[in-house]
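S.K.: here is my input; please provide its structure:
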Amino acid sequence: MRCPFCKEDDDRVIDSRASNDGFAIRRRRECLACERRFTTYERIEESPLRIVKKDERREPFERRKILLGLIKACEKRPIPIATLEEITERIENKVLEKYDTEVPVSYVGELVMKELKDVDQVAYVRFASVYREFKDINEFMDALQSMLRGRTSKKKKKAKKGANRR
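M.R.: Next comes the predicted model:
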């Protein structure tokens, strides 16, 4: 395994354990050249899942692209990378549970938006604006108003629960 810092391929495994989902082995490694530590994951190689793009092109499904999209949407937001990795893991698991060979990009996009909506609304709007390809400010405002209506109804439900407890 090449060190991501110095690019040497001489390292030792410090710790190995199953990942949270049990479908991978997490290995903590230390580079013997620069002595820095890094984490790798060993996964079972499954039949290649392909993603069907909007224009009907097919590409290999890559969890890394989901993580990169999340990172981009959450840029300059107070969201730890560990949270984004957990979201990526949940999305990947849902995709693998539902699809065997091909998954529509729309399904993945909706999963990402659902997760972001619960974590950070600014990141959600950023992702939605690119994913839904808003053509003008009106489409953008429609999405914002829909989100605000959802927040208002949640506040009303909480107020009703509080009133019922008294």
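
S.K.: thinking residue 99 is in contact with residue 49, fair?
M.R.: Yes: using Cβ atoms under 8 Å, residue 99 makes contact with residue 49 at a distance of 6.5 Å. All C-beta atoms are positioned from the backbone trio N, CA, C, and that covers glycine.

S.K.: pull the residues that contact stretch 96-105.
M.R.: The contact list for stretch 96-105, computed with Cβ atoms under 8 Å, 6 or more residues apart in numbering, reads 46, 47, 49, 50, 51, 52, 53, 54, 58, 61, 95, 107.

S.K.: and that stretch, end to end?
M.R.: Stretch 96-105 has an end-to-end distance of 13 Å (Cα to Cα, to the nearest Å).

S.K.: list the buried residues for it?
M.R.: Neighbour counts over stretch 96-105 (16 or more other Cβ atoms under 10 Å) mark 99, 103, 105 as buried.

S.K.: which of the residues you listed fall in helices?
M.R.: Judged by DSSP state H, helices contain the following of the buried residues of stretch 96-105: residue 105.

S.K.: include pLDDT when you put the buried residues of stretch 96-105 into JSON lines, please.
M.R.: JSON lines is the format used below for the buried residues of stretch 96-105 (pLDDT from 0 to 100):
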{"residue": "99", "pLDDT": "94"}
{"residue": "103", "pLDDT": "97"}
{"residue": "105", "pLDDT": "96"}
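
S.K.: export the buried residues of stretch 96-105 to JSON lines and tack on distance to residue 90?
M.R.: What follows is the buried residues of stretch 96-105, written out as JSON lines (distance: Cβ to Cβ, whole Å):
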{"residue": "99", "distance to residue 90": "15"}
{"residue": "103", "distance to residue 90": "15"}
{"residue": "105", "distance to residue 90": "18"}
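
S.K.: please pick the buried ones from the contacts of stretch 96-105.
M.R.: Burial by neighbour count, 16+ other Cβ under 10 Å: within these this picks out 49, 51, 52, 61, 95, 107.

S.K.: got the phi/psi numbers for the third one?
M.R.: Backbone dihedrals for residue 52, given as degrees, to the nearest 10, come out at phi -100, psi 110.

S.K.: also the last one?
M.R.: Backbone torsions for residue 107, taken as degrees, to the nearest 10, come to phi -60, psi -50.

S.K.: can you pull the contacts of it?
M.R.: Taking Cβ under 8 Å, 6+ apart, we find residue 107 in contact with 95, 98, 99.

S.K.: do you know how far the second one is from residue 69?
M.R.: This means residue 98. When distance is defined by Cβ to Cβ, to the nearest Å, residue 98 is 19 Å away from residue 69.
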